[in-house]
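Colleague: Build me a model:
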Amino acid sequence: MRDTEFFKELPQRPVTVAGYEVVTPAFYYDYTQVSVVWITPLAQIRELLPSPRLHPLRLTPRSGVTVIVAYQYRDTTIGPYNEVAVGFPVTVDRKAPVLAGLGRFQTRGGSIFIWQLPVTTAIARDLGVESAGYPKYLADIDITDEAGLATCRLAEGDKHILTLRLRHRSPRRGPGRMRYEPVTVKGDRLVRGISISNTTRAAASFSGRGVELELGDHPLADQLRRLEMGRVISASYAPVVQSVLSPPLEGWPLAE
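Modeller: Residues are numbered from 1 along each chain as shown. Presented below is the predicted three-dimensional model:
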């Protein structure tokens, strides 16, 4: 039975987006999430950011982080689908303190620039692109969890992009509610929305043990190699998550 307690105080309204009759905000009633965070040189991250207004959160004066998250959405207001997000935690128009800003992101959430966002259904792609400029495209995404090994394989056509594996322990108490602000580009503007998630159980690790990232023969795999991602600083597996995703609430010109 669908658990709606998290959503009961949140009204939705009907809207038409990309030719679809849907409701907003979008409700994600039940999904699994696998996420890994890698240390990444700042220079490589900055090359992929579309605006000087975006400042990567820094682990050290010369390094930020890359986040890869696999989502297996079982029940949403637009149906089930899978998704893989590749992004970089950022601030807009100001720099956060080294280490402290990233620490706040890890424990409370914050803004993250969404660089890649392949999905498995046309409706998820079309709504995301039209409503907020999400970099969505159709791909093959298989997510499994067998005997404590969570695996996500991402491919486009006959080209393998990546396979992410995370060996995890039994989930315990999760972080609860977190607020994330996805930042995207729509037209000539940066836009930022809000995603509030509720994670009741999770298995978290703060080392690279149990994490394996295999990169394939797709052009995106080559781009990921050029990021020169290094040590894993955190990884988590959450078997049951809920969230609310609002459309963009604010925006700025790409140039300062």
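Colleague: When you work out contacts or count neighbours from here on, use the C-alpha atoms and nothing else.
Modeller: Fine.
Colleague: So which elements touch the host helix or strand of residue 203?
Modeller: Per DSSP states H and E, residue 203 falls inside strand 189-205. Strand 189-205 sits against strand 172-186, strand 232-253, with contacts defined as 3 or more CA pairs under 8 Å, 6 or more residues apart in numbering; DSSP states H and E.
Colleague: Relative to residue 74, which of those strands is closest?
Modeller: strand 232-253 (9.8 Å; CA to CA).
Colleague: can you pull the contacts of residue 76?
Modeller: By CA atoms under 8 Å, 6 or more residues apart in numbering, the contact list for residue 76 reads 26-30.
Colleague: and these as a markdown table, adding pLDDT, distance to residue 217 and neighbour count?
Modeller: Formatted as a markdown table, the contacts of residue 76 follow (pLDDT from 0 to 100; distance: CA to CA, whole Å; neighbours: other CA atoms under 10 Å):
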| residue | pLDDT | distance to residue 217 | neighbour count |
| --- | --- | --- | --- |
| 26 | 98 | 34 | 18 |
| 27 | 98 | 35 | 22 |
| 28 | 98 | 32 | 21 |
| 29 | 98 | 35 | 22 |
| 30 | 98 | 32 | 19 |
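Colleague: Please tell me how far residue 4 sits from residue 249.
Modeller: Separation of residue 4 from residue 249 (CA to CA, to the nearest Å): 24 Å.
Colleague: elements contacting the next helix-or-strand element following the strand holding residue 203?
Modeller: Next helix or strand after strand 189-205 toward the C-terminus (DSSP H and E): strand 211-215. Applying 3+ CA pairs under 8 Å, 6+ apart, one finds that strand 211-215 makes contact with strand 159-167, helix 219-226.
Colleague: who touches the shortest one?
Modeller: For helix 219-226, contacts defined as CA under 8 Å, 6+ apart pick out 44, 161-162, 215.
Colleague: what would those look like in CSV with pLDDT?
Modeller: Formatted as CSV, the contacts of helix 219-226 follow (pLDDT from 0 to 100):
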residue, pLDDT
44, 98
161, 98
162, 98
215, 98
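Colleague: need the residues you listed in CSV with neighbour count and distance to residue 221, can you?
Modeller: What follows is these, written out as CSV (neighbours: other CA atoms under 10 Å; distance: CA to CA, whole Å):
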residue, neighbour count, distance to residue 221
44, 16, 15
161, 22, 5
162, 20, 7
215, 18, 5
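Colleague: List just the nearest of those to residue 36.
Modeller: residue 162 (13.3 Å).
Colleague: Report the beta-bridge partner residues of that closest one.
Modeller: Note on residue 162: beta-bridge partners residue 154, residue 215, judged by DSSP bridges.
Colleague: Kindly provide the distance from it to residue 215.
Modeller: 4 Å.
Colleague: Ok, residue 158 next?
Modeller: Distance of residue 158 to residue 215, computed by CA to CA: 14 Å.
Colleague: which helix in this structure runs the most residues?
Modeller: Determined from DSSP state H, the single longest helix within the chain is helix 122-132.
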